[in-house]
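**Q** Predicted coordinates and the sequence they were generated for:
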Amino acid sequence: MFKRISSLSILLVIIAVGLFQKDELLYLVKQGGTLSAFISMMLVAICVFFPILPFPILAGIIGAVFGATKGVCISLAGAMIGTMGFFLLSRYGFRDLAEEKLIKYPKVQEYEEFLQRNSFITILGCRLIPIIPAPVVNIICGLSRVKWLTFFIASTLGKIPNILILSYAGSMFSTNKLYTFGIYGCYLLLIFLINFVMIYRKSARNSVK
C-alpha cells in the first residue's frame, strides 16, 4: 500500500507540473543556457508520463535552441530519465494494478510472452518502429522479468534515430523551414508505411489461417 501511495503521489506531481507549468517551462527552454538544458530534460521526461506536448514538436524546439548535437543529448537524456522512471513505477509501484488492467487485453499478454523470449530485439524493434505505444511497452517491460539494464540499453539505442532526426530537423527550422517540414513529413510517412505494411502482412497471415 505504501509503495502504491508513494508512486501515485510522484505520478500526480509529475502530471501537475506538466499541466500547470507547461508554458513557463517552455519559456525557460527557449532561453538557452545550462538551466534551460536541465529544464528541457525535465520537460521531455514529463512528456513520457503525460504528453503535454507532442514529442516531435518538443524535440524540434530543443534542437532549434541547442543545435542538433546538444539537442540529441538533452532529448535522449530526458527521454531515458522518464522512460526508466515509468519502467520502475510499473515494476514496483503499480504492479498489481497494471496486471489487473493487462488481463483484459489478451493481445498484450501475447506480446509479453514474446518479450520474455526475445527481450532485447523486441524492445529495440518497438522503439525503432513504434507499432506499440511507448507507454504500453514501458508497462509490459516493467511487469515482465526483463532486466532493467537490457531495457535501458535497448530503449536508448532504439530512441537515438528518432531523436536524431527530430533534433536535426528542429535545428534547421530557423534557416530553412521548408526543409524542416520536409524531414518531419518524410519521417511520419515512413513510420506510417512501415506500420501499414506490418499490419497488412499480419492480416494476410491471419486470413490464410
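**A** Sure thing, it's come through.
**Q** quick one: low-confidence ranges for this protein?
**A** 1-5, 7-8, 18-19, 97-114, 195, 198-209 (pLDDT under 70).
**Q** In it, what residue spans correspond to helices?
**A** 2-20, 22-31, 34-49, 55-66, 68-88, 95-102, 106-117, 119-128, 134-143, 148-171, 177-208 (DSSP state H).
**Q** With mean neighbour count as extra columns, can I get these in TSV?
**A** For glycine as for every other residue, the C-beta is placed from the backbone atoms N, C-alpha and C. Listed next are the helices of the chain as TSV, based on neighbours: other CB atoms under 10 Å:
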stretch	mean neighbour count
helix 2-20	13
helix 22-31	15
helix 34-49	20
helix 55-66	23
helix 68-88	21
helix 95-102	14
helix 106-117	13
helix 119-128	18
helix 134-143	22
helix 148-171	19
helix 177-208	12
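**Q** which residues touch Val44?
**A** Contact partners of Val44, counting by CB atoms under 8 Å, 6 or more residues apart in numbering, are Phe55, Leu58, Ala59, Ile62, Ile74, Ser75, Ala77, Gly78, Ala79, Ile81, Gly82.
**Q** for the closest residue to Val48 other than its chain neighbours, what are its contacts?
**A** Spatial nearest neighbour of Val48, excluding adjacent residues (CB to CB, 6 or more residues apart in numbering): Gly82 at 2.9 Å. By CB under 8 Å, 6+ apart, the contact list for Gly82 reads Val44, Ala45, Ile46, Cys47, Val48, Phe49.
**Q** follow-up on the earlier one: quickly name whichever of the contacts of Val44 is closest to Thr122.
**A** Ala79 (18.8 Å; CB to CB).
**Q** isn't the closest one right up against Ala45?
**A** Yes - contact criterion CB atoms under 8 Å: Ala79 and Ala45 qualify, at 7.3 Å.
**Q** Overlap of the contact sets of these two?
**A** By CB under 8 Å, 6+ apart, no residue touches both Ala79 and Ala45.
**Q** Tell me the spacing between Ile140 and Arg91.
**A** 11 Å (CB to CB, to the nearest Å).
**Q** swap that for Gln21, sorry
**A** Gln21 is 28 Å from Arg91, by CB to CB.
**Q** As CSV, the contacts of Val44 with distance to Ile129 would be great.
**A** Output for those, formatted as CSV (distance: CB to CB, whole Å):
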residue, distance to Ile129
Phe55, 16
Leu58, 21
Ala59, 18
Ile62, 23
Ile74, 24
Ser75, 19
Ala77, 23
Gly78, 22
Ala79, 17
Ile81, 23
Gly82, 20
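**Q** Among the residues you listed, which one lies nearest to Phe181?
**A** Among the contacts of Val44, and counting by CB to CB, the member closest to Phe181 is Ala59, at 14.7 Å.
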